[in-house]
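Colleague: coords below, sequence missing:
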């Protein structure tokens with residue numbers, strides 16, 4: 001089994017739920033697990049990871065991984081919302097996987113709502129993390145295509161075209177297919193049969 005993994009997908013693709021299930025299963029099999037998340041993500045409480053379907057687990061919330069070292073008896077490190085960490089934090093995870101021989105499993109977004117790859121996500125690809133795409137369907141009513149993009153909306157329901165790459169919450173976001181992204185973000189109408 002590879003030591004460094006990146007489970008990525010759009011919002012609502014069950015990334016956090018999968019992390020919580022994996023933590024449970026590893027622990028059930030007698031493995032020592034540490035769950036980490038960026039302190040920036042305080043939506044559900046400082047020391048918790050909560051999935052949209054109601055699963056939750058405790059987590060260590062830290063601003064960065066500079067001083068983080070898993071306990072010597074830890075077998076697996078699970079990292080939620082990895083896109084909010086820095087490239088140097090990813091290098092620290094590589095060190096934990098390779099030099100401390102821990103399994104490191106990261107969960108997060110690949111790109112933001114402006115089709116820009118998150119620096120931490122790019123770094124995971126550069127260092128050769130095993131990639132696992134988590135699929136979800138487009139959230140536009142009636143569309144069953146694969147969701148590959150995010151759209152961010154303002155309070156009036158208009159698509160936001162610029163702004164901070166890091167923004168919390170999902171109430172102003174929709175995960176959409178490429179066709180609906182291009183239609184709603186760029187004004188390029190989808191070709192129909």
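Modeller: That came through, no problem. From a predicted model like this one, the values you see are computed outputs, not experimental measurements. Numbering: from 1, shown residues only.
Colleague: In the protein, where is pLDDT below threshold?
Modeller: 1-2, 41-45, 164-171, 192-193 (pLDDT under 70).
Colleague: so where do the helices sit in it?
Modeller: Counting by DSSP state H, one finds helices in the chain at the ranges 15-28, 87-99, 119-126, 178-181.
Colleague: could I get those as CSV with mean neighbour count and distance to residue 74?
Modeller: Bear in mind the C-beta positions are built from the backbone N, C-alpha and C, glycine included. Formatted as CSV, the helices of the chain follow (neighbours: other Cβ atoms under 10 Å; distance: least, Cβ to Cβ, whole Å):
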stretch, mean neighbour count, distance to residue 74
helix 15-28, 18, 10
helix 87-99, 18, 9
helix 119-126, 20, 20
helix 178-181, 20, 39
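Colleague: Please name whichever of the ones you listed is nearest to residue 132.
Modeller: With Cβ to Cβ, the closest approach to residue 132 among the helices of the chain belongs to helix 15-28: 9.0 Å.
Colleague: Please compute how far the closest one lies from its chain's middle.
Modeller: Mean C-alpha position of helix 15-28 versus that of the full chain (Cα atoms, centre = their mean, to the nearest Å) differs by 14 Å.
Colleague: okay, the helices of the chain in CSV with distance to residue 56 next?
Modeller: Compiled in CSV, the helices of the chain are given as follows (distance: least, Cβ to Cβ, whole Å):
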stretch, distance to residue 56
helix 15-28, 7
helix 87-99, 23
helix 119-126, 23
helix 178-181, 31
